[in-house]
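*Asks:* How does the following fold in three dimensions:
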Amino acid sequence: MDAVEIKHFIEAALLAAGRPLSVDQLQNLFDGRMAPAKKDIRAAVAALNDEYKDRGIIVAEVASGLRVQVKPAMANQLQKLWEDRPPRYSRALFETLALIAYRQPITRGEIEEVRGVSVSSNIVRSLLERDWVRVVGHRDVPGRPEMFGTTKTFLDYFGLMKLDDLPPLADLADWENLRVQLNLPEVDEDLTSELADVTQLPTLSPQVGEGDGDPEQNSEVIGNSDLNDHDIPDLESITTSAHVNLDELVVTEWPDPTDSGSEVSVDSDDEEDLETSATSG
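*Replies:* Numbering: from 1, shown residues only. Model (predicted):
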């Protein structure tokens, strides 16, 4: 099989799969001795991206592997293809998610200490249900609070291969800079509500839109048929009063548990996934 045939086969496989495929998975799709070397597969991917330069799609590599996806510039116009009324999430949810991503493993109490307000149980539940975060262990202090970390689903959704690919974030007040770097549409700060629409699109970057209503009063979050009739809980309103120093928030390596004056106990079943989320790619 020559280079052109390999390229065509890989393109077809990525389009047919509808999900990321690793280089190993692509290699296993070839018949025995006809399987190309991994370097040849990556060369074929590079050739595809050269062809896609003037088109609306690219081959992107995320935590779970390679996938064909729409270019981020096209995401806003195309999101309406999948959802009539996308679920809405508060900015508070994304601030909580940012703290988990940048300071993991982290407990709910530690998140509350940084943000300066309590973290709604609905926010934690929503992040767990979307499989953006998971419990990775328990802090070895009285009460043994759960520690949270991000998942491969989180990396895939935001188009990242590993945590080190996260853009730098000075503090939670620097939301606008993070929004731009993650290709999230503008949030209207003049709205009385701080809810933002986020649509999960197949192979697209996450999209944030405008919302309305008071998140403290509205206990329902708008969903759609793709959610399989499962209700998404309400989310707490945003606070912009918390400011965090760069040294407190920007972490690209696992924090040393001794820094907090307590030991960390990571569940044995979670150690492998925690390491994968931090180093995958």
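*Asks:* Need the nearest residue in space to L15, chain neighbours excluded.
*Replies:* Using Cβ to Cβ, 6 or more residues apart in numbering and skipping residues adjacent in sequence, the residue nearest L15 is V68, 5.7 Å away. Every residue, glycine included, has its C-beta placed from N, CA and C.
*Asks:* Can you name the next helix or strand after the one helix or strand that neighbour maps to?
*Replies:* In this assignment (DSSP states H and E), V68 forms part of strand 65-70. Later in the chain than strand 65-70, the nearest helix or strand by DSSP H and E is helix 75-78.
*Asks:* Can you point out the buried residues in that following helix?
*Replies:* For helix 75-78, the neighbour count (16 or more other Cβ atoms under 10 Å) marks 75, 78 as buried.
*Asks:* Just the mean pLDDT for that helix, thanks.
*Replies:* The average pLDDT for helix 75-78 rounds to 76.
*Asks:* Strands of this structure, start to end?
*Replies:* 57-62, 65-70, 88-90, 106-107, 133-140, 146-150, 195-199, 207-210, 263-265 (DSSP state E).
*Asks:* Could you report the distance from D140 to P105?
*Replies:* Taking Cβ to Cβ, to the nearest Å as the measure, D140 falls 12 Å from P105.
*Asks:* what about the two, which has more around it?
*Replies:* Using other Cβ atoms under 10 Å, the more surrounded residue of D140 and P105 is P105, with 23 against 13.
*Asks:* thought the more buried one was touching G149?
*Replies:* Yes. Between P105 and G149 a contact is recorded at 5.0 Å, counting by Cβ atoms under 8 Å.
*Asks:* I'd assumed R108 was in contact with H138.
*Replies:* No. Using Cβ under 8 Å, H138 is not in contact with R108, being 11.7 Å away.
*Asks:* Please enumerate the shared neighbours of the two.
*Replies:* With contacts defined as Cβ atoms under 8 Å, 6 or more residues apart in numbering, the residues shared by H138 and R108 are 145-146.
*Asks:* Just the pLDDT at R144, thanks.
*Replies:* In this prediction R144 is given a pLDDT of 93.
*Asks:* State the phi and psi torsions of it.
*Replies:* When quoted as degrees, to the nearest 10, the phi and psi of R144 stand at phi 40, psi 60.
*Asks:* Need the nearest residue in space to it, chain neighbours excluded.
*Replies:* Counting by Cβ to Cβ, 6+ apart, R144 lies nearest to H138, which is 4.2 Å off, once chain neighbours are set aside.
*Asks:* so the one you found bridges to which residues?
*Replies:* E146, S265 (DSSP bridges).
*Asks:* any idea how far V135 lies from F148?
*Replies:* Taking Cβ to Cβ as the measure, V135 falls 6 Å from F148.
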